[in-house]
Structures are given as C-alpha cells and as structure tokens.
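Asker: generate a structure from the sequence data that follows.
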Amino acid sequence: MESFNYHVPTEVCFGPGSENQTAALVQKYGGSRVLVVYGGQSARKSGLLGRITQQLADAGITYAPFGGAQPNPRLSHAREGVAQALALGADLILAVGGGSVIDTAKAIAHGAANPGTDLWDFWLGKRPLTKTLPVGVVLTIPAAGSETSDSAVLTDADAGVKRGLNTDLNRPVFAVLDPVLAATLPRYQVACGVTDILMHTLDRYFNPVTDNETTDALAEALLRVVLRNGPLVVENAANTHAMSEIMWCGSLSHNNLTGLGGKKDFAVHQLGHALGAMFDVAHGASLSAVWRAWAEEVAGVDGYARFARFARNVWDVTEADDAQAARQGIEKQVAFFRSIGMPVSLPELNVGDLDDAVMDRLAALCSYNHSRTIGTFKSLDEAAMARIYRAANGLR
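Answerer: Next comes the predicted model:
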C-alpha cells in the first residue's frame, strides 16, 4: 500500500425523505443567497425543484434558479452561471440533479469565487485554484459520484475538448441522497449510471499496486453489490432497497475510497472523454463501448494476475489458469454490460461511420494532441490509444 491523504468533508444526508432537510443544510453551511442549478425540465416537472425552492423561501433564503445543464456539461453554460451567481451575490451554489448539474455547479462556484479569472483556466491547468464557494447537492441520478468527489468535468464544445479537474475544493459541503428521487429515471439513464459507478471503481482497482489488501477488498465488495443490484434498478428504478444500495455505492465509488493506497489508472475514462467530446454520447455508454478493447490491450501486463483476481473475487470464476480466468472475467463483465442494454463497441454508439482517420483523431484528442500518456496499470501512448479505439470499432 502506498501513502495517501484522504479528506472527504461532505456531510451526507441519506434516505427516503432526506430532501426535506435541504434548507436546513443550506443554512448550516452559511447559505443566504443561493443559486439553484438544475438541468432540463425533469426537476421542474417532477415537482422537486418547486419543493426545494419552497423550502428555501420558507427559511427566508434568497435564491435564483439557473437551469439548462446538459450531459457532458458545457463550459459556455457554466460561464453564464458565473455571471448569474455574481449578479445574485451568491454565497452558496445548490445543485439539484445528477453529475452534469453538480459539475456545472462546481464550475460556477469556482468562477464566482475568482471573478478575475476565466474558469476554463483552472481546467487547463493555467491557474491554480485556491478558493471557491460552497456547493450543496440534492442528488437525483446515482452515477457520477460527483456529490462527494474531488473531481469535475467540463466540455468546451466549440473546441471539442473535454477535461477533468481534481482538487479537494471540488468536494461539496453537503449531499442529500434520497433514493426516492431516482424512482422515475428512464431505464437507459439508470443503466448508464450503473456503468459509470462500476467504472469509477474498476478504473481504480486495475492498478499496479499488489499489496493493498483492505482497499482491494472494499473495491471488490462494492463491485459485487453493484453487479447484484444494478439489474434490479435498471428493471425498476422504484425498487427503493436496490436504489439505496446503488446510490450509496455511487458516492463511495468516486470519493477515492476504493482506490486508496493504489495508483489511479482511469485510462477507460480518458478514452471515454474523447468519445464524449467528439460525439456528445452518454458518458456511461462511452465507457462500456471501449472497456473490453482496453481490457484485452492491458490484461497480460502482469501475467494476467490482476484480471484473474478480479474474475475470481468478483465473478466467482474457478479456473486455475490465470490467463484463462482473466479472459472469463472479461467476458462476464462484457456480458453484464450487454444484459443491462449498454453498448460494448463503438458501432453500437450509433455515431455514424468510424474510419481509421476518426480513430486517429480520437487518439490525438485523448493524448491531448500528442502530449501525454494515460493509465498506470499499463501506460498507454497514443499508438496504444489508437489500437484500443480500432479494436472497439471492430467489436460487436
């Protein structure tokens, strides 16, 4: 196990009916003028947005709604939110929604706290982020884990670039996790969320550190819980028990708990981000579409030991030979993605003809224009990225 610092200051308010504690939590963390960030019309049509803003009004909290957050959250929209937050004099940003809404709220908080700096400079690494406004969350979509994570993703749609920012200043001060709020989610959206939750742990679990007993056991347990309950919530999002497990796993999967003491890999996420930037596909779908191609590229780097452990401890594979066990584990994971309706190849993303030139452009985008490698389980250069995209493009 390697050395680590672990600090998760987010207060979690969990369980059916916990949405009713939102205003009290806003006040607890100093909110008196609140920008309420949400996505499309679902939060409004469901009545949730009205219930939350009524709570704020009843508590004497000034607020302004700011809707329109999209999947693959847009830099341009976050910039608009910064202007709204400054005009309001906001002292807390409240996200009501899923990962895209939360990441948008984080970006707005950073920009509003640093009005002299364009917020995209933080994502590009041009400026250090040293202060922000507090962010609170009412979670409606278990998936991204952004409600307790140190990460936030933004997309510059004009440049076709999607980037992530990791800093403890991204941690929300509170998160309301009410599984009832996810009860009416569409099947495909739930499946994408289940996939993202799995991948947040898989991208930590597959790393080169081999003496990480406690963290590995935690990761394997979380994966088993999601694999068991994921199909249940895909079939029926109103299954409160299963959704409770998925919602809590979503937070634990991406707050760094399942990777402590290891070296975060996240190659699959980086490959998926390039797909999201180029084609604006659902994030979960971008991950499942490349996972098998990535796994087959990297599985033998340690003699198949890590993938064999995954197969045996997560999928109950009994094969004694490591290489055979690893292959069985990969196939079982791919079969799981298929079973919940997720794509397992690039053609299944339905983004048109993908020729070799597109594969090369994706690899260049993922490598930040030939300037970086990705991954720690196995370091992948741009040529390896292109091989993975090509392999994923030939899978059915």
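Asker: so what secondary structure elements neighbour the helix or strand encompassing residue 268?
Answerer: Per DSSP states H and E, residue 268 falls inside helix 267-279. With contacts taken as 3 or more CB pairs under 8 Å, 6 or more residues apart in numbering; DSSP states H and E, helix 267-279 sits against strand 151-156, strand 161-166, helix 187-205, helix 283-298, helix 356-366, helix 382-393. Every residue, glycine included, has its C-beta placed from N, CA and C.
Asker: could you point out which element follows the third one?
Answerer: Right, helix 187-205. Next along the chain after helix 187-205, taking DSSP H and E as the criterion, comes helix 213-235.
Asker: that following helix versus helix 187-205: what angle between them?
Answerer: Computed with axes from the mean of the first three to the mean of the last three CA atoms, to 10 degrees, the direction of helix 213-235 lies at 170 degrees from that of helix 187-205.
Asker: could you export helix 213-235 as PDB, CA atoms only?
Answerer: Extracted C-alpha coordinates of helix 213-235, given in PDB (Å, rounded to 0.1, in the frame of the first residue of the first chain):
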ATOM      1  CA  GLU A 213      -5.400  -5.700   0.900                       C
ATOM      2  CA  THR A 214      -8.000  -3.600   2.600                       C
ATOM      3  CA  THR A 215      -8.700  -1.300  -0.300                       C
ATOM      4  CA  ASP A 216      -8.900  -4.200  -2.800                       C
ATOM      5  CA  ALA A 217     -11.400  -6.000  -0.600                       C
ATOM      6  CA  LEU A 218     -13.500  -2.800  -0.300                       C
ATOM      7  CA  ALA A 219     -13.400  -2.400  -4.100                       C
ATOM      8  CA  GLU A 220     -14.400  -6.000  -4.800                       C
ATOM      9  CA  ALA A 221     -17.300  -5.800  -2.300                       C
ATOM     10  CA  LEU A 222     -18.600  -2.600  -3.900                       C
ATOM     11  CA  LEU A 223     -18.400  -4.200  -7.400                       C
ATOM     12  CA  ARG A 224     -20.300  -7.200  -6.200                       C
ATOM     13  CA  VAL A 225     -23.100  -5.100  -4.700                       C
ATOM     14  CA  VAL A 226     -23.400  -3.000  -7.900                       C
ATOM     15  CA  LEU A 227     -23.500  -6.100 -10.100                       C
ATOM     16  CA  ARG A 228     -26.200  -7.600  -7.900                       C
ATOM     17  CA  ASN A 229     -28.400  -4.600  -7.600                       C
ATOM     18  CA  GLY A 230     -27.700  -2.900 -10.900                       C
ATOM     19  CA  PRO A 231     -30.000  -5.100 -12.900                       C
ATOM     20  CA  LEU A 232     -32.700  -4.600 -10.300                       C
ATOM     21  CA  VAL A 233     -32.800  -0.800 -10.600                       C
ATOM     22  CA  VAL A 234     -32.500  -1.000 -14.400                       C
ATOM     23  CA  GLU A 235     -35.600  -3.100 -14.400                       C
END
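Asker: which parts of that helix are buried?
Answerer: 215-216, 218-223, 225-227, 229-234 (16 or more other CB atoms under 10 Å).
Asker: what of stretch 31-41?
Answerer: Neighbour-count burial for stretch 31-41, counted by 16+ other CB under 10 Å, picks out 31, 32, 34, 35, 36, 37, 38, 39.
Asker: now the helix holding residue 268, how far from the centre of its chain.
Answerer: Relative to the centre of its chain, helix 267-279 is centred 12 Å away, using CA atoms, centre = their mean, to the nearest Å.
Asker: ok, stretch 35-43 next?
Answerer: Here stretch 35-43 is found 18 Å from its chain centre; the criterion is CA atoms, centre = their mean.
Asker: give me the contact list for that stretch.
Answerer: With CB atoms under 8 Å, 6 or more residues apart in numbering as the test, stretch 35-43 has contacts from 44, 49, 52-53, 56, 63-70, 81, 84-85, 88, 90, 92-98, 100-101, 104-105, 108, 140.
Asker: check the helices and strands packed on helix 267-279 for me: which has the lowest mean pLDDT.
Answerer: If those are sorted by mean pLDDT, strand 161-166 sits at the bottom with a mean of 89.
Asker: which element is encountered next along the chain beyond that strand?
Answerer: strand 174-177.
Asker: so which elements touch that following strand?
Answerer: Using 3+ CB pairs under 8 Å, 6+ apart, strand 174-177 is in contact with strand 11-14, helix 22-28, strand 135-139, helix 240-253.
Asker: one more time with 6 Å
Answerer: The contact analysis (3 or more CB pairs under 6 Å, 6 or more residues apart in numbering; DSSP states H and E) places strand 174-177 against strand 11-14, strand 135-139.
Asker: most tightly surrounded among those?
Answerer: Greatest average neighbour count among those goes to strand 135-139 (a mean of 30), per mean count of other CB atoms under 10 Å.
Asker: give the rounded mean pLDDT of it.
Answerer: 97.
Asker: ok, stretch 240-260 next?
Answerer: Averaging pLDDT along stretch 240-260 gives 95.
Asker: low-confidence bits of this structure, can you list those?
Answerer: Within the chain, the stretches with pLDDT under 70 are 395-396.
Asker: middle-most residue in it, spatially?
Answerer: Central residue of the chain (CA atoms, centre = their mean): residue 144, 2.9 Å from the mean position.
Asker: what secondary structure does that one sit in?
Answerer: coil (DSSP: H, G, I helix; E, B strand; the rest coil).
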